[in-house]
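# have a look at this prediction, sequence included:
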Amino acid sequence: EPVNPDWDPSDVEHNSVLHTYTQDQPETHQYIREMRQVLDEFDDRMMVGEIYLPVDQLLPYAGAQDAQMVHLPFNFHLILRPWQAQAVREFADSYDAACNRVGTWPNWVLGNHDQRRFKGRVGAAQYRVAQTLLLTLRGTPTVYYGDEIGMDNVTIPRDRMVDPAGLQQLDVPSASRDPERTPMQWDATPNAGFAPAQATPWLPLADDFAAVNVEAQEADPHSDLHYFRALTALRQQQPALVGGDYASVDSGAEQVFAFRRTLEGQSVTVLLNFGAGEHDLGDIAKGQTLLSSLNDQPANGAKLRANEARIILN
């Protein structure tokens with residue numbers, strides 16, 4: 001395969017060549033169609049594709065306009081875009097429009113086993129804003145294990161590294177995928193309840209596992225886990241958040257991304273403050289607050305506060 005002229009040795013080795021002959025080949029589509037035919041012989045089955053491609057190359061993997069392929073070609077673009085209100089809005093608008101154009105259902109991903117935890121990427125203050133975005137955009141959200149309790153990246157000593165990609169490039173911190181693959185943190189017991197106390201897990205635990213774990217957050221009504229569950233419950237209660245149309249809204253504030261989900265006369269507005277300032281958003285903030293990431297019920301039309309996500313029934 002041809003050498004990538006733009007590759008820098010500080011980047012992962014995979015990107016050192018252009019994968020002209022091994023990725024996104026015409027034959028790939030045929031193989032996936034054959035897999036889909038087998039899958040369709042069974043009830044209640046769904047196939048996703050772990051596909052890193054630009055949107056115009058990604059969406060054809062759904063096969064919406066010809067022979068069916070995967071149900072959801074994974075949309076990883078939010079992982080790779082700058083965490084800025086206007087950049088996210090621009091992509092959400094273009095991707096939703098592209099899905100409508102080709103007749104496929106959108107999907108959204110913020111974290112996976114190849115990329116750093118999104119809490120570490122966007123920052124702790126923006127963690128719930130990102131979680132709210134993922135669970136309110138039009139489409140199917142996919143949540144990577146541990147993101148529902150706010151697990152973060154874990155620094156892995158060299159003698160505990162196991163990812164071959166990282167071991168091949170020890171001087172490139174981004175090469176290893178171990179930091180986002182550490183054990184799920186269930187409780188405060190040794191090994192966080194992931195393995196028996198006498199065992200040695202494949203990767204070390206985060207230093208904060210005694211506080212950031214499912215059991216501790218179950219007991220705290222203001223925890224990240226309870227907020228995640230409140231978001232998923234809201235999706236069940238408000239049909240517009242599942243099947244409603246999507247349209248972004250001009251908020252008048254550079255650091256605020258606002259959008260509306262509408263279905264059969266019902267309208268739900270989502271306000272996401274990507275910054276540390278307060279914003280008076282006028283009429284678009286008016287309505288019944290269904291949920292705020294700050295664990296309270298701000299008054300109708302109240303200012304959107306720093307790092308706040310708010311969902312409003314109009």
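Great, that's in hand.
# ok, now how distant is M69 from Q30?
Distance, M69 to Q30, using CB to CB, to the nearest Å: 10 Å. Backbone N, C-alpha and C define where each C-beta goes, glycine included.
# who's more crowded, these two?
Higher neighbour count among M69 and Q30: M69, with 23 against 12, using other CB atoms under 10 Å.
# check contacts around the nearest residue to the more buried one once chain neighbours are set aside.
Once flanking residues are discounted, M69 sits nearest to G63: 3.6 Å by CB to CB, 6 or more residues apart in numbering. Residues in contact with G63, defined by CB atoms under 8 Å, 6 or more residues apart in numbering, are 29, 32-33, 36, 69-70.
# for PyMOL, what selects the buried ones among those residues?
In PyMOL syntax, the buried subset of these is picked out as below (16 or more other CB atoms under 10 Å):
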select buried, resi 29+32+36+69+70
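# now, the contacts of G63 that are in helices?
Judged by DSSP state H, helices contain the following of the contacts of G63: 29, 32-33, 36.
# look at the residue sitting furthest away from the middle of the chain and report its pLDDT.
Ranked by distance from the centre of the chain (CA atoms, centre = their mean), the top residue is Q198, with 34.2 Å. Listed pLDDT for Q198 reads 95.
# can you pull the contacts of it?
Contact analysis of Q198 by CB under 8 Å, 6+ apart lists nothing.
# then P239?
Counted by CB under 8 Å, 6+ apart, P239 has contacts 263-264, 266.
# and if we set it to 7 Å?
P239 is in contact with 263, 266, counting by CB atoms under 7 Å, 6 or more residues apart in numbering.
# local confidence estimate at it?
With respect to pLDDT, P239 scores 97.
# where's the residue nearest to M69 relative to N107, distance?
Distance from G63 to N107, counting by CB to CB: 15 Å.
# circling back to that earlier point, so how far is F42 from the residue nearest to M69?
Distance from G63 to F42, counting by CB to CB: 18 Å.
# hang on, S248 packs against V88?
No: S248 lies out of contact with V88 (CB atoms under 7 Å); the separation is 9.8 Å.
# element containing P141?
P141 is located in strand 140-142, with elements delineated by DSSP states H and E.
# run through who's touching that strand.
The contact list for strand 140-142, computed with CB under 7 Å, 6+ apart, reads 72, 105, 107-109, 134-135.
# need the phi and psi values for the closest residue to D220 other than its chain neighbours.
Among residues not flanking D220 along the chain, H226 sits closest, at 7.0 Å (CB to CB, 6+ apart). When read as degrees, to the nearest 10, the backbone of H226 gives phi -70, psi -40.
# the closest residue to L39 other than its chain neighbours: how many residues sit nearby?
Nearest non-adjacent residue to L39, counting by CB to CB, 6+ apart: R45, 4.9 Å away. Neighbour count of R45, defined by other CB under 10 Å: 11.
# repeat that for G150.
22.
# how near is the spatially closest residue to it that is not a sequence neighbour to L313?
Nearest-residue entry for G150: D224, 4.2 Å, with adjacent residues in sequence omitted and distances by CB to CB, 6+ apart. Distance, D224 to L313, by CB to CB: 23 Å.
# look at these two and report which has more neighbours.
D224 (21 against 16).
# and G252, what does it touch?
Applying CB under 7 Å, 6+ apart, we find G252 in contact with L281.
# from N15, how far off is it?
According to CB to CB, G252 and N15 sit 40 Å apart.
# likewise for F74?
19 Å.
# which of the two has more residues huddled nearby?
Each of F74 and N15 has its neighbours counted (other CB under 10 Å); F74 has more, 19 against 12.
# the more buried one and E50 touch, don't they?
Yes: using CB under 7 Å, F74 is in contact with E50, at 5.5 Å.
# confidence score at the nearest residue to D40 once chain neighbours are set aside?
Using CB to CB, 6+ apart and skipping residues adjacent in sequence, the residue nearest D40 is Q68, 7.4 Å away. You'll see Q68 listed with a pLDDT of 90.
# Q68 reaches V38, doesn't it?
No: counting by CB under 7 Å, Q68 stays clear of V38, with 11.8 Å between them.
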